[in-house]
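1. Sequence and predicted structure are below.
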Amino acid sequence: MSTSEPSLQFLASVLPSTSATNALVLTVIIGMLVVFVSYASPTRLTQKLVASLYDGEPLYRDVVETGVVSTSDAAQVQIEELEELLARLQLKVSEIRIATLRDSLSKRKALAEFLRGRSFTILRCLRDVEGFEARIEILKENQLHDLNPGPWPRPGFCILDGVAVVR
């Protein structure tokens, strides 16, 4: 025990007073909490979600209107699946946006919804929107590769989230 006492006394003399240390630690924790809450705020995440969906809609329209995808039956099935997915995502984003705007009118309700995990719901929906955009990009790239075949071997199709992407 005698060897640990001098080291503790040394640490006590080097470290600032306990109240100053506690205040510093508390300030750092509060600062980190404020940064996290502002990042995970449902209002901010909803704005990002709406912007992401707005970015994905022109991609979808481009695929459908310009005829990027061939007129084969498999491509038509893919477009119909994308159309259905887009409609579901638009409805989901609209519901989330309405609820978030309603809750943002009251700080207490906004905090309650944050603590109930609304941010995770929004992040999950954001991931779905990004997956929708990725499917469209994959569809466009597959068509590009079909029009401009390279020397490398490619499989006939791949499956992405349960949807067959036919080449």
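-> In hand now; what should we look at?

2. Give the buried residues for stretch 130-138.
-> Gly131, Phe132, Glu133, Arg135, Ile136 (16 or more other Cβ atoms under 10 Å). Heads up, the C-betas are built off the backbone N, CA and C, glycines and all.

3. if you average pLDDT over the helix or strand where the second one lies, what comes out?
-> Going back to what we said before, that points to Phe132. Element membership for Phe132 (DSSP states H and E) is helix 118-147. For helix 118-147, the mean pLDDT works out to 86.

4. other SSEs contacting it?
-> With contacts taken as 3 or more Cβ pairs under 8 Å, 6 or more residues apart in numbering; DSSP states H and E, helix 118-147 sits against helix 42-65, helix 73-103, strand 157-160, strand 163-166.

5. How about residues contacting the first one?
-> Residues lying outside helix 42-65 but in contact with it, judged by Cβ atoms under 8 Å, 6 or more residues apart in numbering, are 38, 68-69, 79, 82-83, 86, 89-90, 93, 96-97, 100-101, 103-104, 110, 113-114, 118-119, 122-123, 125-126, 129-130, 132-133, 136-137, 139-140.

6. buried sites along stretch 95-113?
-> Of the residues in stretch 95-113, Ile96, Arg97, Ala99, Thr100, Asp103, Ala110, Glu113 count as buried by neighbour count, 16+ other Cβ under 10 Å.

7. Correction: the previous question concerned stretch 76-94.
-> Gln78, Ile79, Leu82, Leu85, Leu86, Leu89, Lys92, Val93.

8. what sits against the last one?
-> In other words, Val93. Residues near Val93 by Cβ under 8 Å, 6+ apart: Leu49, Val50, Leu53, Cys125, Val129.

9. Report how many residues lie close to the fourth one.
-> In other words, Cys125. 20 (other Cβ atoms under 10 Å).

10. swap in the last one?
-> Under the neighbour criterion other Cβ under 10 Å, Val129 is assigned a count of 24.

11. gap between it and Ser106?
-> 27 Å (Cβ to Cβ, to the nearest Å).

12. and if you look at the fourth one?
-> With the distance defined as Cβ to Cβ, Cys125 ends up 23 Å from Ser106.
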